[in-house]
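Student: here is a sequence with its predicted model. Questions after.
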Amino acid sequence: MPAETAQPHKDHKAVPKPTPETKPFWDACAEGELRLQYCTACEGHYFPPRFFCPTCLSRDVEWRAVSGRGRLYSYVINQSFAPPGWETPYAIALVELEEGPRLMSNILDVPQTPEALVLDMELEVTFEVRGGVAIPQFRPVAGGAA
Ligand SMILES: [Zn+2]
C-alpha cells in the first residue's frame, strides 16, 4: 500500500499555513480583525505582508487595524474546475480596501454571477473559519447593494 500523501480531505477547503511574515495577519483574523502592515516612513499600508515596505524599502513598519471596507475591483468566475471543498461557480475576487491595498478573496452572500457581482460594489470583511484558520472573505455592505 502506498504511503499516505498530504491530500486535503475532499470536503474541506485548503487552509493557508502562516509563515513568520504572515502570522500577525492570521492572528488578527482569528480575533476578527483585518490588520495590515503600515509604513511609517512613506505613510501607507501594504499587502501582502513582508518585513520591509515594498514602496520605499523602509523597515519602519507596523501592523495596524484597517476598516475592513472596500470595493470590488475585479474578479473572475470559476465555472469549471473546483478544488476540494468548493462548488462551482464561484468568484475569485480582487477587493480594493479603503486603505489602498488589494486582496484576493471571495464574495459571500451574493449570487456568483456577472449580474450580481457589480464592479465597485461596496464590500465589508467577514471571516470564514476553515480548519481552525479564520479566512478574510467579503460580502456586500448591508443596504449597499440592491
Ligand atoms: Zn514605505
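Tutor: Everything's here; your move.
Student: okay, and residue 25 sits in which element?
Tutor: helix 23-30 (DSSP states H and E).
Student: where does the protein have low pLDDT?
Tutor: Where the chain drops to pLDDT under 70, the residues are 1-11, 143-146.
Student: what about the strands in it?
Tutor: Under the criterion DSSP state E, the chain contains strands at 35-39, 44-46, 61-65, 69-78, 90-97, 102-105, 122-130, 133-140.
Student: which residues touch the fourth one?
Tutor: Taking CB atoms under 8 Å, 6 or more residues apart in numbering as the criterion, the residues outside strand 69-78 that touch it are 86, 88-98, 102-103, 107, 112-114, 117-125, 138, 141. Glycine gets a C-beta too; all of them are placed from N, C-alpha and C.
Student: pull the CA atoms of the helix holding residue 25 into CSV?
Tutor: Taking Å, rounded to 0.1, in the frame of the first residue of the first chain, the C-alpha atoms of helix 23-30 are listed here in CSV:
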residue,chain,number,x,y,z
LYS,A,23,1.5,35.2,11.2
PRO,A,24,0.4,38.6,12.6
PHE,A,25,-2.1,38.8,9.7
TRP,A,26,-3.7,35.4,10.6
ASP,A,27,-3.5,36.1,14.3
ALA,A,28,-5.6,39.3,13.7
CYS,A,29,-8.1,37.4,11.5
ALA,A,30,-8.5,34.9,14.4
